[in-house]
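**Student:** Turn this into a structure:
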Amino acid sequence: MMADNFEAELDSSDTSVAEFEGHRSLLDKFQHFLHANPAMVPVIILAVSIVGFGLVAGERFFSPFTLGLIMQQVAIVGILACAQTLVILTAGIDLSVGAVMVLSYVVMGNLGVTYGMPAGFAIIIGILVGMACGMLNGVLVTRLKLPPFIVTLGSWRIFLASVFLYTGSQSIRSQDIDAEAPALKFFGGKVTFIDDLIGFNANITYGVVLMLVIFLVFWYLLTNTAWGRAVYAVGDDKDAAELAGIRSDRILVSVYVVAGFICGIAAWAAIGRVGSVSPSSFQEANLESIAAVVIGGTSLFGGRGAILGSLFGALIVGVFAAGLRLAGADPQWVLFASGCLIILAVSIDQWIRRVSV
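**Tutor:** Okay, the predicted model is just below:
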């Protein structure tokens, strides 16, 4: 008799659960979908932005030249956003990525042009400088147990001061780079076969291709390797990750070193993008990279997000900048729009995190 009553209660419970799931609203289903696919948030925003600015700006916005120019303009910030994403996934933040890139950038330029070092060696040393900066950040975070925000805020100032002390605030002209180390400007060259393929001047540079390759490589590493799973685990719950056998401090240091490596690569691409080496370049790159990551749907609380979302986040900012410019708006509206997008993205993230199971 008791067994029959228990089975009856169980059947009733199963029915109530089924009824609850069946009566889930369309908004709840959409919330669950975004919770399971966080990269879809920036995809939706990007699609709406493209359609909206296409209607406002007309055919000029959809021209291959304009779309290629958007890609070219976001290439450097996009590469830095990749580095920033790795750090934010571990529940940290790196305010120094722009300064690390500029320090690597001026080291490459001065070694290759001022000191006459072969371009290949100058590039390698510049990338190693970026990795050393990342290691310094990682060691301070893990060994001294300092908050990443404080560590990278301090190192940002240190690296930026080092740039001006090292260069004496002197720039290197494009003509000098062409004469002494033209390989430094490689990523500024146009990929001509794409223009030949589509029959239009799309203005795609090797820097754009580099950005896409970097995102694809780190998408694979984060989704298909033990290191990538460890990065997510440490960001989600560091203590639980350690109980599972993950050496969280090693993972954190490796993330900062890899972020420094990406900044070094971005430095090489930046020389091609600008065409010269100026210590005052890319002053807003730190904040722009964070904006791209946040708009791209990566949670500031760590452990959740997709690195491809940061690519879409960078493209969203580029689309808004180009669309507002073509619509004749004041350039300050770009800052206004990016600020609104950041607040919207964080609000959506909070809403998604409150998903009911």
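**Student:** Residue 203 and residue 192: what is the separation?
**Tutor:** Separation of residue 203 from residue 192 (CB to CB, to the nearest Å): 11 Å. All C-beta spots, glycine's among them, are computed from the backbone N, C-alpha and C.
**Student:** Among the two, which residue is more densely surrounded?
**Tutor:** Using other CB atoms under 10 Å as the criterion, residue 203 and residue 192 rank with residue 203 on top: 19 against 10.
**Student:** Give me the number of neighbouring residues for the nearest residue to that one once chain neighbours are set aside.
**Tutor:** Of all residues not flanking residue 203 in the chain, residue 68 sits nearest, at 3.6 Å (CB to CB, 6 or more residues apart in numbering). If you count neighbours by other CB under 10 Å, residue 68 ends up with 22.
**Student:** so residue 68 touches residue 209, yeah?
**Tutor:** No - assessed by CB atoms under 8 Å, residue 68 is found out of contact with residue 209, at 11.6 Å.
**Student:** State the helix or strand in which the residue nearest the centre of the chain lies.
**Tutor:** By CA atoms, centre = their mean, the chain has its centre lying nearest to residue 81, at 1.8 Å. Assessed by DSSP states H and E, residue 81 sits inside helix 64-89.
**Student:** burial count for residue 243?
**Tutor:** By other CB under 10 Å, 9 other residues sit near residue 243.
**Student:** For residue 132, grab the count of nearby residues.
**Tutor:** Residue 132, neighbours per other CB under 10 Å, totals 16.
**Student:** residue contacts, the residue nearest to it when sequence neighbours are not counted?
**Tutor:** Excluding its sequence neighbours, the residue lying closest to residue 132 (CB to CB, 6+ apart) is residue 260, at 7.0 Å. Residue 260 makes contact with 83, 100, 130, 131, 132, 133, 134, 135, 137 under the criterion CB atoms under 8 Å, 6 or more residues apart in numbering.
**Student:** pLDDT weak spots in the stretch 101-250 of the chain?
**Tutor:** For the stretch 101-250 of the chain, the stretches with pLDDT under 70 are 193-201.
**Student:** Might one say that residue 159 is in contact with residue 101?
**Tutor:** No - if you go by CB under 8 Å, residue 159 and residue 101 don't touch, sitting 9.4 Å apart.
**Student:** Mind checking which of these two has more residues around it?
**Tutor:** Neighbour count, other CB under 10 Å: between residue 159 and residue 101, residue 101 has more, with 33 against 25.
**Student:** right, and that one touches residue 286 too?
**Tutor:** No - using CB under 8 Å, residue 101 makes no contact with residue 286, being 9.4 Å away.
**Student:** on that earlier part again, whichever strand or helix holds the residue nearest to residue 132: which residues count as buried?
**Tutor:** Secondary structure from DSSP H and E places residue 260 in helix 248-274. Neighbour-count burial for helix 248-274 flags 248-249, 251-274 (criterion: 16 or more other CB atoms under 10 Å).
**Student:** how close does the spatially closest residue to residue 126 that is not a sequence neighbour sit to residue 271?
**Tutor:** With sequence-adjacent residues excluded and distances taken as CB to CB, 6+ apart, residue 126 is closest to residue 108, at 3.5 Å. Using CB to CB, residue 108 is found at 7 Å from residue 271.
**Student:** shouldn't residue 257 be in contact with residue 135?
**Tutor:** Yes - judged on CB under 8 Å, residue 257 makes contact with residue 135 at a distance of 5.0 Å.
**Student:** Give me the common contacts of residue 108 and residue 271.
**Tutor:** 184, 277.
**Student:** about what we covered before: can you name the element that comes right after the helix or strand encompassing the residue nearest to residue 126?
**Tutor:** Here residue 108, judged by DSSP H and E, is contained in helix 97-109. Using DSSP H and E, the next helix or strand after helix 97-109 towards the C-terminus is helix 119-143.
**Student:** Sweet, I'm off.
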